[in-house]
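>>> take a look and give me a structure for this.
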Amino acid sequence: AHIPSIPKWIEPWESLNSPKTGKFPFHLISPHPRWRTHSIFNNCSWLRETYEQEVTINAADAKRLGIKTGDTVEVWNDRGKCVVPAYVTERCMPGVAVLHEGAWIDLDENGVDRAGNPDMLTLDEPSPAGAFAYNTVLCNIQKTDLEHRPGWDKLATARSHVFRRDL
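Predicted coordinates:
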């Protein structure tokens, strides 16, 4: 696509202005997390103790969908699906979902990512400037019985309370 010499708004492939919002009402953004560098350190147990991969959604959206913090949800569109716990907050704009990039993919037999990697949902097309437009994604979210697998053994970490006994 042509990039004009004088800056002007170019409508992205997918946004909340799109007619696709009837089927996929959430604008998904996938920022860099604070606890890893892209996918590097995703397997570091000490860092994993501080944070679990989750999708952040607005409290009003979550209430409408019957979702509470900690519920396992599916995040999907026509390109793919991932399974991840939900984090509900007022600090996320309605209609927007946040799923940090870099989780190590764990596919089930149906091609569903159980670890919560947003790459399953992104379009593999470069932007007019040549970069990939990872934050130009529409998706839908619902509670699920599908298994979330964070890709690490939570009991194999340094949590002393697992081994503590009353004497």
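
>>> so what's His32 up against?
His38, His100, Glu101, Gly102 (C-beta atoms under 8 Å, 6 or more residues apart in numbering). C-betas here are computed from N, CA, C, even on glycine.

>>> verify the stated contact: the third one with Met120.
No. No contact is recorded between Glu101 and Met120 when judged using C-beta atoms under 8 Å, the distance being 11.2 Å.

>>> who has more neighbours, these two?
In terms of neighbours (other C-beta atoms under 10 Å), Met120 is the more surrounded of Glu101 and Met120; the figures are 23 against 18.

>>> lowest-pLDDT helix or strand in this protein?
Every helix and strand in the chain was compared by mean pLDDT, DSSP states H and E; the lowest is helix 45-50, with a mean of 70.

>>> next helix or strand past it?
Following helix 45-50 in sequence order, the next helix or strand is strand 55-58 (DSSP states H and E).

>>> centre of the chain versus the next helix or strand along the chain from that following strand, how much separation?
Downstream of strand 55-58, the first helix or strand assigned by DSSP H and E is helix 59-65. Computed by C-alpha atoms, centre = their mean, to the nearest Å, the separation of helix 59-65 from the middle of its chain amounts to 17 Å.

>>> helix or strand right after helix 59-65?
By DSSP H and E, the next helix or strand past helix 59-65 is strand 72-77.

>>> who does that following strand pair up with?
strand 80-89 (antiparallel), strand 137-143 (antiparallel) (DSSP bridges).

>>> now tabulate these in CSV and tack on mean pLDDT and mean neighbour count.
Listed next are the strands paired with strand 72-77 as CSV, based on pLDDT from 0 to 100; neighbours: other C-beta atoms under 10 Å:
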stretch, mean pLDDT, mean neighbour count
strand 80-89, 97, 20
strand 137-143, 97, 21
